[in-house]
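K.L.:
Fold the stuff below for me.
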Amino acid sequence: MFTPELIWFICGVVLALLEFAVPGVILVFFGVGAWITALTTYLGLTESTASQLLVFASTSVILLFFLRSHIRSRFSGFVSDSQSPEQNLDEFTGKSVVVLEEITPMKPGKVEFKGAPWHAESNETFKSGEIGLIEKAEGLTLIIKKRGA
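P.N.:
Numbers count the residues shown, from 1 in each chain. Here you go, the predicted model:
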């Protein structure tokens with residue numbers, strides 16, 4: 001009923017899906033190794049269980065060592081030891097935002113940036129609907145200023 005190539009393929013799907021539950025960009029490589037084993041078994045290149053396990057283990061480990069750092073950097077976002085904070089926050093600096101909730105020097109509010117609401121603070125007063133410029137970002141809070149200031 002279940003052929004070895006189907007079992008390897010299903011194992012690959014399960015391992016790839018488990019990557020979402022156990023982050024770390026590791027299990028996906030074992031899933032790809034299982035898919036490669038399913039392909040080699042389907043093509044008749046690995047008929048014995050020992051040869052299938054050898055292909056699975058070797059391809060998984062090779063993919064893990066050679067591709068993990070490249071793939072992980074694409075999905076991990078900001079990593080303090082490989083990027084500078086200035087490089088990551090430059091895309092925010094100088095961009096316009098629309099004030100959603102009044103902001104005063106004593107009371108933070110909310111702004112809209114790239115279609116999403118953000119917490120914002122300022123040393124100036126902003127009324128709802130006004131436009132401000134992002135001076136910098138501190139975590140998930142935008143520090144804004146008046147245009148032309």
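
K.L.:
Any buried residues in the helix or strand hosting residue 41, and which?
P.N.:
Applying DSSP states H and E as the criterion places residue 41 in helix 27-42. By neighbour count on 16 or more other CB atoms under 10 Å, the buried set for helix 27-42 is 27-41. For every residue, glycine as well, the C-beta is placed using N, CA and C.

K.L.:
For the longest helix seen in the chain, what is the distance to the chain centroid?
P.N.:
Assignment by DSSP state H gives helix 49-76 as the longest helix of the chain. In terms of CA atoms, centre = their mean, to the nearest Å, the centre of helix 49-76 is found 19 Å from the chain centre.

K.L.:
And the protein, split by domain according to the record?
P.N.:
With domains defined by automatic domain parsing, the chain comprises 4-76, 85-146.

K.L.:
longest strand of this structure?
P.N.:
strand 131-138 (DSSP state E).

K.L.:
Which elements pack onto that strand?
P.N.:
Secondary-structure packing of strand 131-138 (3 or more CB pairs under 8 Å, 6 or more residues apart in numbering; DSSP states H and E): strand 96-99, strand 141-146.

K.L.:
How far does it sit from its chain's centre?
P.N.:
On CA atoms, centre = their mean, the centre of strand 131-138 falls 24 Å from the chain's centre.

K.L.:
Report the buried residues of that strand.
P.N.:
Quick answer for strand 131-138 (16+ other CB under 10 Å): 132-135, 137.

K.L.:
Pick the one among those residues closest to residue 11.
P.N.:
Using CB to CB, residue 137 comes nearest to residue 11 of the buried residues of strand 131-138, at 42.7 Å.

K.L.:
who does that closest one bridge with?
P.N.:
residue 142 (DSSP bridges).

K.L.:
just to revisit the earlier point, give me the contact list for the longest strand of the chain.
P.N.:
89, 92-99, 103, 111, 113, 120, 122, 126, 142-147 (CB atoms under 8 Å, 6 or more residues apart in numbering).

K.L.:
Buried only: go through these for me.
P.N.:
For the contacts of strand 131-138, buried by 16+ other CB under 10 Å: 92, 97, 99, 103, 111, 113, 120, 122, 126, 142-144.

K.L.:
can I get those in CSV with pLDDT and distance to residue 6?
P.N.:
Output for these, formatted as CSV (pLDDT from 0 to 100; distance: CB to CB, whole Å):
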residue, pLDDT, distance to residue 6
92, 79, 49
97, 91, 53
99, 92, 57
103, 92, 59
111, 92, 53
113, 88, 48
120, 92, 54
122, 92, 60
126, 92, 61
142, 90, 51
143, 90, 56
144, 92, 57
